[in-house]
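In: 3D model of this:
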Amino acid sequence: MSDIVVIDDNESTQAMLRAFCAERGRTIATCTKGAEAFDLVLREQPRLVFLDIWLETRTTGWEILERLKESPATRHIPVVLASAWRDDLQDHRPLIAEAAAAVLVKPFSIEDVDRCLDFALTGTPGT
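Out: Numbers count the residues shown, from 1 in each chain. Reported below is the predicted structural model:
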């Protein structure tokens, strides 16, 4: 089982998060396709899901988020949303407020990720 599942079609983002998590002793599983995302989370049962909203597949991050939060097997897992599309985040504020533990706007820094993951995993802001 992995501590964190990253669902993002950007290899640079995956590499950054993989290095960040390794430095902190956390394991990570990654996925680039929305169609594979739910099964990966179900199988891994991570402590956290990092989810890009726009994937280069037919399944969007919004659909994955809804499915994760509808399933009794995954609804307890915090989800950090990531997107470069601020307007899209604004358009989905009710869903974000209900289902997301935190939001990162791309491009983000390692410090942003650190604070966001600390908050999502512990409920307290990182330093």
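In: for the closest residue in space to Thr59 that isn't next to it in sequence, give me phi and psi.
Out: Using C-beta to C-beta, 6 or more residues apart in numbering and skipping residues adjacent in sequence, the residue nearest Thr59 is Gly34, 2.7 Å away. In short, each C-beta sits where N, CA and C put it, glycine included. Torsion angles at Gly34 (phi, psi; degrees, to the nearest 10) stand at phi -60, psi -30.
In: next SSE after the lowest-mean-pLDDT helix or strand in the chain?
Out: In the chain, no helix or strand scores lower on mean pLDDT, DSSP states H and E than helix 86-91, which sits at a mean of 67. With elements assigned by DSSP states H and E, the helix or strand that comes after helix 86-91 is helix 93-99.
In: pLDDT on whichever helix or strand comes after that next one, on average?
Out: Of the helices and strands lying after helix 93-99 in sequence (DSSP H and E), the nearest is strand 102-105. Per-region confidence: strand 102-105 scores 83 on mean pLDDT.
In: for strand 102-105, which positions count as buried?
Out: 102-104 (16 or more other C-beta atoms under 10 Å).
In: ok, the most centrally placed residue in the chain - contacts?
Out: The centre of the chain sits closest to Phe50, judged by C-alpha atoms, centre = their mean, with a distance of 1.5 Å. By C-beta atoms under 8 Å, 6 or more residues apart in numbering, Phe50 lies in contact with 4-8, 17, 79-80, 82, 117.
In: switch the cut-off to 6 Å
Out: By C-beta atoms under 6 Å, 6 or more residues apart in numbering, Phe50 lies in contact with 6, 80.
In: repeat for Glu98
Out: Listed by C-beta under 6 Å, 6+ apart, Glu98 has no contact partners.
In: switch to 8 Å and redo it
Out: If you count contacts by C-beta under 8 Å, 6+ apart, Glu98 has them with Lys69.
In: got it, and Ala82?
Out: Applying C-beta under 8 Å, 6+ apart, we find Ala82 in contact with 8, 13, 50-53, 103-106, 108.
In: ok, now with 6 Å
Out: Ala82 neighbours (C-beta under 6 Å, 6+ apart): 52, 104, 106.
In: for these, which one is nearest Ala29?
Out: Ala29 has its nearest neighbour among the contacts of Ala82 in Asp52, at 14.6 Å by C-beta to C-beta.
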